[in-house]
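Asker: what's the 3D shape of this:
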Amino acid sequence: MNQLTKSLVNLKSLKITSSRFEQMYQESLSWNLKTLEKIELTNNKLKNLSESFFILMPNLKIINLSGNYLTNLEEGLFRNQKMLKSLDLSKNKLNERLKPDVFYNLPSSLKELNIHGNSLRH
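Answerer: Below you'll find the model as predicted:
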């Protein structure tokens, strides 16, 4: 385990904003992030996230993905997020092709869901 990984073992919040990332994989965050409670990946250029992206972050309470270019979300992306209270997907490119199953897998702990500024239709 390298020194950076050791120093992040108790990390509670991670913010990566306005960094122009177009893609991010779980392997990119290969640190031990089991204690992470808040992740903000806002105002980047993210187009998609793999279904396993949050799998090693089981204690997330807040996920903010606003201001990206997300067009679709994998069905199981939020499946293991039993502690999740707030999910912000606002100001992305989500549209009617988004499968409703994505939202069926959201936990009962969720109190806030922001999908404002997308092209979703009912």
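Asker: C-alpha from now on. contacts and neighbour counts both.
Answerer: Will do.
Asker: which ones are touching the residue nearest the centre of the chain?
Answerer: By C-alpha atoms, centre = their mean, the chain has its centre lying nearest to residue 63, at 5.0 Å. By C-alpha atoms under 8 Å, 6 or more residues apart in numbering, residue 63 lies in contact with 38-40, 84, 86-88.
Asker: Within the sheet, what are the partner strands of the helix or strand that contains it, with directions?
Answerer: Secondary structure from DSSP states H and E places residue 63 in strand 62-64. When pairing is defined by DSSP bridges, strand 62-64 lines up against strand 38-40 (parallel), strand 86-88 (parallel).
Asker: What's the mean pLDDT across the following helix or strand past the first one?
Answerer: Okay, so that is strand 38-40. Downstream of strand 38-40, the first helix or strand assigned by DSSP H and E is strand 48-49. Average pLDDT, strand 48-49: 90.
Asker: Measure how buried the closest residue to residue 79 other than its chain neighbours is and give me the count.
Answerer: Distance criterion C-alpha to C-alpha, 6 or more residues apart in numbering; nearest residue to residue 79, sequence neighbours excluded, is residue 105 at 5.4 Å. Residue 105: 15 surrounding residues under other C-alpha atoms under 10 Å.
Asker: With that, I have no additional questions.
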